[in-house]
Structure formats: C-alpha cells, structure tokens
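J.: Starting from these lines, generate the structure:
(4 chains)
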There are 2 protein chains.
Amino acid sequence: MDTKTLCLGALSLCDATGYDIKKLFEEAFSHFFSAGYGSIYPALEKLTEEGKVSCRRQEQEKRPDKKIYSLTEAGRAALVAELLDTPPREKLRSEFLVLMFFAHLLPPQRLDEILQQRLDESRATLEILEDLDRREGMPPGIKFTIQYGLATTRAAIECIEAHRESLLHNVYEVGSTAASPSSSVG
Amino acid sequence: MDTKTLCLGALSLCDATGYDIKKLFEEAFSHFFSAGYGSIYPALEKLTEEGKVSCRRQEQEKRPDKKIYSLTEAGRAALVAELLDTPPREKLRSEFLVLMFFAHLLPPQRLDEILQQRLDESRATLEILEDLDRREGMPPGIKFTIQYGLATTRAAIECIEAHRESLLHNVYEVGSTAASPSSSVG
DNA sequence: GGCATCATATATCAATTTGATAGTGGGGGC
DNA sequence: GCCCCCACTATCAAATTGATATATGATGCC
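T.: The predicted model follows:
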C-alpha cells in the first residue's frame, strides 16, 4: 500500500488539500501509519494525471493558493480495488527494542532513561487514544483501529513496567558489562 | 538508526557475512526491525571505508567468495556512541489497520478474510516468539524483546478475537454500505 | 531420472519514502 | 519587538524497499 492509496482513502472521507491530508494522517492514523509531504504531494500529482482525483484551485490572499482535491469515480473504484487486494500486513520498526537487544552494551543510567522515555511516550499515546475512544458516532472500523491501539499500547506499557526493575538489576550481572564487553551470543 | 548501526550491532555478537547478518535480522529481529540486502551490503561497504569494520575474504570452491566482516575497536566505539543517543522510538506500519479504517468500503466477505488473515499471521508470530522464549541462556535484554513481542502480539490477537463478530455485524448497518457509499466522516 | 525449490553468497536497481528544509505572511504570547 | 506556531505550497539528497540476477549444490517430489 503506497501513499497514493492512502490519499485516495483520505479523499473518500471528504475533499481536502495536501496539507489537510497530512493532518488527517497525524490525527487519525498516527498510531499505525505515517506519511510526509514528500510522498503526499507527488502522490496527489500522479493521481491527478491518472484521473483518479480532480483538483480545483482556490485563490487566497496572502497565502499560497489552496489546491483542493476530490475523489473521482475512477478514483473511488481504484481505491476499492486496491483495498480488495492489499494483504493485511503489519510491520513494527522499533528502535527501542534494538536498544534493548543491545542493552548489555549500555550503562545502567542510559538503560533506565530508555525505559523511562518509552514509558512516557507510550503513556502519551495511550492518552491520545483514550481521548479518541471517548468520541461518539465513530464508524465501527475506525473505532476498532483505536481499540487495537489501546490494547497493544497497554500491553506494551505493562510489559515495560513489569520488567523494568529486573532488567536494571540483571542486564549487567550475568556475562559482560557495559565497560568490558566480551560477548559471544550466536 | 540506520542499517549501518544495525550491522555494527550484529557484528558485535560475532563475525559474519552480509548474508549471515540478514539471517540474524530475520531470526532475532524480525518482529521489530527489518533490513534487506539492498541496505545491508552498501552499509558494510561504507563501514569498511570508515574503518569501523574489517573484512577478510574467504575463498570457497563452487560458491562466491565469503566476505567475513569483523567489528574494529573504532566500530565498537561508534556502535556504543550511536546507542547512547538513539531515541527509543517505535513506529508501526499497519496496512491491516488502514483496511479496518476503511472497512465500510469493503464487502463483508473481504472484511472477514482480512480479520482471519491477520489472526493467522499473528498466531504464527506468537508461536515463533514462544519458541524463542523457551530457549535458555539468553541475555535479559534479548529476553525482554521477546517478552515485549509476546505481550503485544497476544493483546492484538485478543483484540481481534473480541471484536471480530461485532465488526462483521455492525460495519454495514449504521450509515453507508460497501455497495452505496455516501460517507462524510471528518 | 527430471524438475522445482531452497540454501549459500554476492550484488544491483528503479521506485519510493524519509526527514529536513525553504518560502511567505498572519497571529499569539510575553 | 521577538520568536515560534499555523497555514500551504513544494523540493531534495540520502536511505530504504522489494525485486531481481548470477552461480551451484542439495534436497524433495512424482
């Protein structure tokens, strides 16, 4: 699934500018997908060429012209077609877990900081999701994305809380230390 | 955190070829990070230029020469330095949740298929993690990455199981249908 | 025996994405 | 007055993705 499809999806909700689409992604998608201007604007341009979206210009004083995009019938068909054969994959990119994997190379202070930062960020995410969850009148599919985020985020937080103390005690005791490494973990 | 750092990390465990590193990523990192040959080989080349890894060639009959890389002292220092100021971020890319977000555009059959496929894949991931978890003598940091994977994967599975039925019943009842869409969700 | 596919190992490439940055001006905080 | 944020466009180098090419042996299947 590429940014083009994401844009079609956004425009299936309502007409929007590239800027609006980015904001939608940040507000509604941020816990499971992201896209920047660098992929959104080129995507909208290509979609226009392909006739899947149309673009009307709205002039503004003292601001750049707005380019408001709308989904065409061809675009809606393309969106549905894409959704029909997109496999429901999921991929995590966790620098946090990479750091944990190499925890034995880090000083205890840094390890503690890492755990704390991740906890803070996860709790912040949780609050955002809880706010979203309180909103009413949301379609079941969208509601589900929030439930899913809540469930996995809570699990992550509990896992960190559960292991934090023992990690700080055990990481350095068994084999190597941060100061004198001599690993051989195959 | 880029592929170069990941490679340094891999080589901190033991000497390896690019191929070995890819396999390590698939075996030990697959549930939280990934990297392909297209980023690993260039990374190893740059690291060699920078003196952070050294490379010895091992000739082989009937196979391409092996290029076995080792971490140098400079490389180890660079790895630690990188780990010290890498923020512990985490980013999900879930095409599954995008599909769920637009569930109202899909026929019920497809929605069911999506949920089933994700459930299957999550259960497969869970089994792999449970196997890893049974291994003994693993450093606490690595053990933690597995615990974390177990916790979040189980939460995901439970969430899908819990909402599956109601999704199939409710997605199409309230507002629009897959056949005649007329949404306006801002 | 023959055929497909996987494992070992290298490497490359077009297409895409990332993450930062630039430009332009109004409005709010202090 | 100063600085940063909001609104809106857009671009760009660098990195990554995902597929593919090249070779050969081994393994499995009918």
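J.: Going by residue numbers, what spans are helices in chain A?
T.: Under the criterion DSSP state H, chain A contains helices at A:3-13, A:18-24, A:37-49, A:73-84, A:95-101, A:108-134, A:140-170.
J.: Near the residue lying closest to A:Thr17 once chain neighbours are set aside, how many other residues are there?
T.: For A:Thr17, ignoring the flanking residues on the chain, the nearest one in space by Cβ to Cβ, 6 or more residues apart in numbering or on different chains is A:Lys66 at 5.3 Å. Every residue, glycine included, has its C-beta placed from N, CA and C. Neighbours of A:Lys66 under the rule other Cβ atoms under 10 Å in any protein chain shown: 16.
J.: Name whatever forms a beta bridge with A:Lys66.
T.: A:Gln58 (DSSP bridges).
J.: From what I see, A:Val53 and A:Lys67 are in contact.
T.: No - using Cβ atoms under 8 Å, A:Val53 is not in contact with A:Lys67, being 10.3 Å away.
J.: so what sits against both of those two?
T.: With contacts defined as Cβ atoms under 8 Å, 6 or more residues apart in numbering or on different chains, the residues shared by A:Val53 and A:Lys67 are A:Leu44.
J.: Quick check: buried residues in the lowest-mean-pLDDT helix or strand in chain A?
T.: The helix or strand of chain A with the poorest confidence is strand A:53-58; it has a mean of 93 (mean pLDDT, DSSP states H and E). Within strand A:53-58, the residues scored as buried using 16 or more other Cβ atoms under 10 Å in any protein chain shown are A:Val53, A:Ser54.
J.: try stretch A:125-139
T.: A:Thr125, A:Leu126, A:Ile128, A:Leu129, A:Leu132, A:Met138, A:Pro139.
J.: Could you do stretch A:96-114 as well?
T.: For stretch A:96-114, by 16+ other Cβ under 10 Å, it's A:96-106, A:110-111, A:114.
J.: likewise stretch A:67-76?
T.: A:Lys67, A:Ile68, A:Tyr69, A:Leu71, A:Thr72, A:Gly75, A:Arg76.
J.: can you tell me which of these lies nearest to chain B?
T.: Nearest to chain B among the buried residues of stretch A:67-76: A:Arg76, at 7.4 Å, using Cβ to the nearest Cβ.
J.: measure the closest residue to the closest one other than its chain neighbours to B:Glu59 for me?
T.: Nearest non-adjacent residue to A:Arg76, counting by Cβ to Cβ, 6+ apart: A:Ser12, 6.5 Å away. From A:Ser12 across to B:Glu59, the span is 58 Å (Cβ to Cβ, to the nearest Å).
J.: For the two, indicate the residue with more neighbours.
T.: Higher neighbour count among A:Ser12 and B:Glu59: A:Ser12, with 19 against 8, using other Cβ under 10 Å.
J.: Quick check: the more buried one touching A:Glu73?
T.: No - with contact defined as Cβ under 8 Å, A:Ser12 does not reach A:Glu73; the gap is 11.7 Å.
J.: In chain A, which residue sits closest to DNA strand C?
T.: Residue of chain A nearest DNA strand C, by Cβ to the nearest atom of the strand: A:Gly38 (2.2 Å).
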